[in-house]
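Visitor: sequence-free structure coming up:
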């Protein structure tokens, strides 16, 4: 998100999606993964740990460390992804099926970086979300963590959006 920080006004001027979900209203992450005919294996490799008060079938979800490098960041060194896998923060399993609210991309300009080698969000889905949002789009050969494996490209896109 790019805001007018000079005046302290949090008004959003633009959005930058880096291998991210640009959901439509009422759409879930699970539904978005199928856009453009894409598919991801990540849900087959989640470890779910129920937490106190969790609804039946919900819990904290982690990517199985044995699959983390291959699924999340195959273009980073294993020494880095080993630490990432061990320190990953959980996501609520319910977040995969919870409908999104109104999207900001309908009212502000958007930029989108498609990671062609993403194994978390299918690149086909990324392209479909970027197109739907009318985003200025850049594609690179990257895993899901383009901001780590290609920081110069990501920085350039953000700076371009900030103009």
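Guide: Yes, it's here. Computed from a predicted model, the values in this text were never measured in an experiment.
Visitor: What count of nearby residues applies to residue 60?
Guide: 16 (other C-beta atoms under 10 Å). For every residue, glycine as well, the C-beta is placed using N, CA and C.
Visitor: which residues does it contact?
Guide: If a contact means C-beta atoms under 8 Å, 6 or more residues apart in numbering, then residue 60 has 48, 49, 50, 51, 90, 91, 92, 93 as its contacts.
Visitor: contacting residues for residue 133?
Guide: Contacts of residue 133 by C-beta under 8 Å, 6+ apart are 15, 17, 22, 103, 105, 106, 110, 112.
Visitor: likewise residue 135?
Guide: Here residue 135 is in contact with 15, 17, 22, 105, 110, 111, 112 (C-beta under 8 Å, 6+ apart).
Visitor: Tell me the most packed of the residues you listed, by neighbour count.
Guide: Most crowded among the contacts of residue 135, counting by other C-beta under 10 Å, is residue 112 at 26 neighbours.
Visitor: wait, doesn't that one sit right on residue 134?
Guide: No. Using C-beta atoms under 8 Å, residue 112 is not in contact with residue 134; the gap is 9.7 Å.
Visitor: low-scoring stretches of this structure, by residue?
Guide: For the chain, the stretches flagged by pLDDT under 70 are 1-10.
Visitor: Many thanks, I have nothing further to ask.
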